[in-house]
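Chemist: quick one, structure for this:
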Amino acid sequence: MNLQLLQTRLAYTFRDIGLLQQALTHRSHSSLHNERLEFLGDSVLNCVVASVLYERFKTLDEGDLSRLRANLVKQQALFEIAQKLDLSQFLRLGEGELKSGGFRRPSILADTLEALLGAIFLDSGFDSARDVIRAFYIPLLDTVDPATLGKDAKTLLQEFLQAKRIALPTYNVVATHGAAHSQEFEVECLVPKLSVQVFGRGGSRRAAEQAAASLALEAAQKALAKAPGARKPRQRAAQLKLAGIGTNQGDAASGAPHAAQPGTEKA
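Modeler: Residues are numbered from 1 along each chain as shown. Predicted structure coming up:
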C-alpha cells in the first residue's frame, strides 16, 4: 500500500503515519478503526464548507446556505471525492468486507474520507484540514448554480414554470407494474401550454413523479428555447454529475426516467 501516493493526492504529508493508517482502517479490520476519526472529520468538514459558502455567496440567506451545505457534504458528494482520490485502493478492510466488495461501497468510502479529515485535524490542526477541504470544494463551487443545487426535480420544474408565468404541471398515475411487495409506478407529467407530456417510473409514486418532473423540466426548457428570440438555458455538467443535484437522491435511486410517448418531447 503506497501511502505516499495518497498523501500526494491529498497535498498533505502526515507527521504521524499511524493516524493515516487508522483513518483508512474499517471496523471489520481491527479494533483500532476509524469511526472516532470519522466523527471528528464530519464536524470539521461541516464547519469548513459552511465557512466557504458564507464567504462565497454573500446574498444567500440561512436556508439556502443550509441547503447547499447539506448537498455538498452528503454521502454521494463525499463518495465522488473519494473516487477522484482512488481511495478504495488504500482501504484496510476485514476479509468479509473485502469479499463482499466493501472497497466499492459508497458509505465506506465516504466515511473513510471524513476519517482522513479528522486525522489531518489531529495531526496538524484546523488550518491544514481546512486547506485540504477547500482544495476539494473550490473547483466544484466554480461550476455549480447555488439557485438549484440540492433542489429536487419537482421543485425545479415548479420554479421554472412560475418564472415563465406558466401554469403548474399535473401528475397522474397511469399504471402500476409488478407484485404488491415490489410495485413500480408509472406517472404522467403534463404541461399543456408547452405541449409537454412525459412519463417517469419509480418504486413509489413520489419517485415516479420526480423522474417525470426531471424529464418535463428538460422538455419545457427545450420547448421555450425553440421559441423565437429565446435563449438556450445553460447546463452545468459538473452540477448534474454530483448525484442528487437537481433531483431527490433517494427517489433517483429507486426510479429511472421512462421515455416519452411518440409525439412528445423526449428529455
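Chemist: only C-alpha atoms from now on, for both contacts and neighbour counts.
Modeler: Noted.
Chemist: quick one: the strands in the chain, in order.
Modeler: Remark: strands assigned in the chain by DSSP state E are 170-177, 184-191, 196-202, 257-258.
Chemist: can you list the ones you listed in CSV and add mean pLDDT?
Modeler: Output for these, formatted as CSV (pLDDT from 0 to 100):
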stretch, mean pLDDT
strand 170-177, 94
strand 184-191, 95
strand 196-202, 94
strand 257-258, 43
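Chemist: pick the most buried one from the ones you listed.
Modeler: Ranked by mean neighbour count, those are led by strand 196-202 with a mean of 26 (mean count of other CA atoms under 10 Å).
Chemist: how far is it from where the chain is centred?
Modeler: The gap between where strand 196-202 is centred and where its chain is centred comes out at 22 Å by CA atoms, centre = their mean, to the nearest Å.
Chemist: coming back round to it: in CSV, list the strands of the chain along with distance to residue 96.
Modeler: Shown next, in CSV, are those (distance: least, CA to CA, whole Å):
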stretch, distance to residue 96
strand 170-177, 36
strand 184-191, 33
strand 196-202, 32
strand 257-258, 35
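Chemist: closest one to residue 138 among these?
Modeler: Residue 138 sits nearest to strand 257-258 of all these, at 31.3 Å, using CA to CA.
Chemist: so for the closest residue to residue 24 other than its chain neighbours, what's the pLDDT?
Modeler: Closest residue in space to residue 24, ignoring its immediate chain neighbours: residue 91 at 5.1 Å, by CA to CA, 6 or more residues apart in numbering. Residue 91 is assigned 95 on the pLDDT scale.
Chemist: residue 91 and residue 28 touch, don't they?
Modeler: No - the pair residue 91 / residue 28 is not scored as a contact, 11.1 Å apart, by CA atoms under 8 Å.
Chemist: so those two - more neighbours on which side?
Modeler: A direct count of neighbours by other CA atoms under 10 Å for residue 91 and residue 28 places residue 91 higher, at 21 against 15.
Chemist: could you measure from that one over to residue 61?
Modeler: Residue 91 sits 39 Å away from residue 61 when distances are taken as CA to CA, to the nearest Å.
Chemist: mind listing what the residue nearest to residue 24 touches?
Modeler: The contact partners of residue 91, by CA atoms under 8 Å, 6 or more residues apart in numbering, come to 24-26, 103.
Chemist: got a winner among these for most neighbours?
Modeler: The most crowded member of the contacts of residue 91, judged by other CA under 10 Å, is residue 24 (27 neighbours).
Chemist: separation between it and residue 148?
Modeler: As judged by CA to CA, residue 24 and residue 148 stand 34 Å apart.
Chemist: please apply the same query to residue 103.
Modeler: For residue 103, the distance to residue 148 equals 32 Å [CA to CA].
Chemist: could you do residue 198 as well?
Modeler: If you measure residue 198 against residue 148 using CA to CA, the figure is 22 Å.
Chemist: what's the answer for residue 80, then?
Modeler: Residue 80 is 19 Å from residue 148, where distance means CA to CA.
Chemist: same check, this time on residue 185
Modeler: Applying CA to CA, the value for residue 185 to residue 148 is 26 Å.
Chemist: just residue 166 next, same as before
Modeler: Residue 166 sits 19 Å away from residue 148, going by CA to CA.
Chemist: can I assume residue 81 is in contact with residue 137?
Modeler: No - with contact defined as CA under 8 Å, residue 81 does not reach residue 137; the gap is 9.2 Å.
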